[in-house]
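Visitor: Okay, sequence plus prediction incoming.
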Amino acid sequence: MKTQDYINIENEFGAHNYHPLDVVVHSAERCWVTDVEGKKYLDCLAAYSAVNQGHCHPKLFKTFVEQATKVTLTSRAFRNDQLPRLYQKLNQMTGYEMSLPMNSGAEAVESAIKLARRWAYDVKGIEENKAEIIVATGNFHGRTSTIVGFSDDPSSFKGFGPYCTSAFPMHEYGNAEDLRTKITPNTAAVLIEPIQGEGGVVIPPDGYLKEVEKICHENNVLFICDEIQAGLGRSGKLFAHYYEGVRPDMVIIGKALSGGYYPVSAVLADKKVMLVIHPGEHGSTFGGNPLGAAVAVKALEILEEEDLIERSNELGEYFMTKLRAIDSPMIDFVRGRGLWIGFVLKTKARPYCEMLKEEGILCKETHVNIIRFAPPLVITKEEIDWAVAKIEKVVKSLDK
Ligand SMILES: Cc1ncc(COP(=O)(O)O)c(C=O)c1O
């Protein structure tokens, strides 16, 4: 079968909830993917940062296969010998006392919402069913019906209501003074992304996170950071909130926690928050399974062993400097942190992505005019040079 045959089947029998580029990937290695016709592409999206460690990492493969031959799923009705290793690894790497494993990012966000609400009722003393969680404009926290209910992007929320918007007041992202005005006696938590990925790699003004932390402390409100896309090295630090030296009460992680092998996500928190939920009050059949836990431990070890976080920091600077040097009237500006770059155009980004695909680079537009470059963190300088030459060629060809 050829590319078009696969596309035809997908269009006919699959839900149309994505608008993918017309490339059908057959295999992948490090930061390269190969399509069904044998053409190679440099992956500049890294599965929305889930494959920070690179595609099909051999060490992850080994761990995955070894664990798969032992036991893959026990459910949490019984204990398994891999989950304690993950708890320990997360504690050692992040300093949080406890973690709560789930599968997808959205599930981990839902878990954090439940923890915050329970904390609000049992610890803070808010009247039951009155807890509010303040979110930000431009947010993206996933696709469940609760989460899309506090998005301000119509393509996320329109037509999926009713929602309980009063439970999720919204403040202007980056504006701590506005956040202050939204705090009420019923505020349980503030939930933000330290950098908004789906929003187009939007970095808040310096001092914002610090101020959010201060406002939360002053008002006995939990500070929750969604690091699902920003975290685990993508921003050039383990967590993007490290740029401001803050310590949120809860951190939510996912994506690269599995290196792309298996959906694993988690909420990190200290005991005073985590222990508000008791046996039987929250869970998931697959959450904390031994296969996912083994993979996650190895995925975290690879970040450390291969210095991928520092690499993201250095190569991100290198990539951005080179992109900024491209002289074109169509480029508005380039922003980013680590290997997480928003290439902001003055025009629609989709045709650029289509042309880059022809040139052998896979990337995806976000918010009409922004291209996000977020390759696996194992990318080399030479590969970045190669990519920038192609990007320049495409940008210049569309200048007129
Ligand atoms: C910041 C953030 N939170 C949550 C999610 C949802 O994660 P998942 O798609 O694994 O449910 C995403 C996905 O892109 C994300 O970027």
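Guide: That came through fine.
Visitor: what's around residue 328, how many residues?
Guide: Using other Cβ atoms under 10 Å, the number of residues around residue 328 comes to 14. From N, CA and C alone the C-beta is placed, and that goes for glycine too.
Visitor: ok, so what distance separates it from the ligand?
Guide: Distance of residue 328 to the ligand, given as Cβ to the nearest ligand atom, to the nearest Å: 28 Å.
Visitor: May I have the helix or strand where residue 190 lies as CSV, with CA atoms only?
Guide: Assessed by DSSP states H and E, residue 190 sits inside strand 187-192. Taking C-alpha atoms only, strand 187-192 is exported to CSV below (Å, rounded to 0.1, in the frame of the first residue of the first chain):
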residue,chain,number,x,y,z
THR,A,187,-10.1,29.6,45.8
ALA,A,188,-8.5,26.2,46.2
ALA,A,189,-5.8,26.4,43.6
VAL,A,190,-4.2,28.1,40.7
LEU,A,191,-3.5,25.9,37.7
ILE,A,192,-1.1,27.1,35.1
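Visitor: tally of neighbours for residue 33?
Guide: Residue crowding around residue 33 was assessed by other Cβ under 10 Å; the count is 22.
Visitor: Please name every helix or strand in contact with the helix or strand harbouring it.
Guide: Taking DSSP H and E as the criterion, residue 33 maps to strand 32-35. In this structure, strand 32-35 makes packing contacts with strand 25-29, strand 40-43, judged by 3 or more Cβ pairs under 8 Å, 6 or more residues apart in numbering; DSSP states H and E.
Visitor: Can you point out the buried residues in the helix or strand just after the strand holding residue 190?
Guide: Counting by DSSP H and E, the next helix or strand C-terminal to strand 187-192 is helix 208-218. Within helix 208-218, the residues that count as buried by 16 or more other Cβ atoms under 10 Å are 208, 209, 211, 212, 213, 215, 216.
Visitor: tell me which of those residues is nearest to the ligand?
Guide: Proximity of those to the ligand (Cβ to the nearest ligand atom) peaks at residue 209, which lies at 14.8 Å.
Visitor: how about the spatially closest residue to that closest one that is not a sequence neighbour, phi and psi?
Guide: Nearest non-adjacent residue to residue 209, counting by Cβ to Cβ, 6 or more residues apart in numbering: residue 244, 4.0 Å away. The phi/psi pair for residue 244 (degrees, to the nearest 10) reads phi -110, psi 10.
Visitor: would you turn the buried residues of helix 208-218 into JSON lines with pLDDT and distance to residue 292?
Guide: Shown next, in JSON lines, are the buried residues of helix 208-218 (pLDDT from 0 to 100; distance: Cβ to Cβ, whole Å):
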{"residue": "208", "pLDDT": "98", "distance to residue 292": "34"}
{"residue": "209", "pLDDT": "98", "distance to residue 292": "30"}
{"residue": "211", "pLDDT": "98", "distance to residue 292": "36"}
{"residue": "212", "pLDDT": "98", "distance to residue 292": "31"}
{"residue": "213", "pLDDT": "98", "distance to residue 292": "31"}
{"residue": "215", "pLDDT": "98", "distance to residue 292": "35"}
{"residue": "216", "pLDDT": "98", "distance to residue 292": "31"}
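Visitor: quick one, domains of this protein?
Guide: Following automatic domain parsing, one gets these domains for the chain: 3-56+307-397, 58-305.
Visitor: so of those, which one's packed in deepest?
Guide: domain 58-305 (a mean of 20; mean count of other Cβ atoms under 10 Å).
Visitor: how much space between the residue nearest to residue 209 and residue 333?
Guide: Residue 244 is 22 Å from residue 333, where distance means Cβ to Cβ, to the nearest Å.
Visitor: leaving aside the residues next to it on the chain, what's closest to the residue of the chain found nearest the ligand?
Guide: Nearest residue of the chain to the ligand (Cβ to the nearest ligand atom) works out as residue 105 at 2.2 Å. Leaving out its chain neighbours, the residue that sits closest to residue 105 by Cβ to Cβ, 6+ apart is residue 254, at 3.6 Å.
Visitor: who's in contact with residue 346?
Guide: Residues in contact with residue 346, defined by Cβ atoms under 8 Å, 6 or more residues apart in numbering, are 329, 330, 331, 332, 369.
Visitor: Mind pulling up the pLDDT for the last one?
Guide: Each residue has a pLDDT score; the one for residue 369 is 94.
Visitor: Assess the claim that it and residue 350 are in contact.
Guide: No - if you go by Cβ atoms under 8 Å, residue 369 and residue 350 don't touch, sitting 9.4 Å apart.
Visitor: Columns distance to the ligand and mean pLDDT on top of the helices and strands packed on strand 32-35, output as TSV?
Guide: TSV is the format used below for the helices and strands packed on strand 32-35 (distance: least, Cβ to the nearest ligand atom, whole Å; pLDDT from 0 to 100):
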stretch	distance to the ligand	mean pLDDT
strand 25-29	18	98
strand 40-43	16	98
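Visitor: Between the ones you listed, which one is closest to residue 262.
Guide: Distance to residue 262, taken as Cβ to Cβ, is lowest for strand 25-29 among those, at 15.6 Å.
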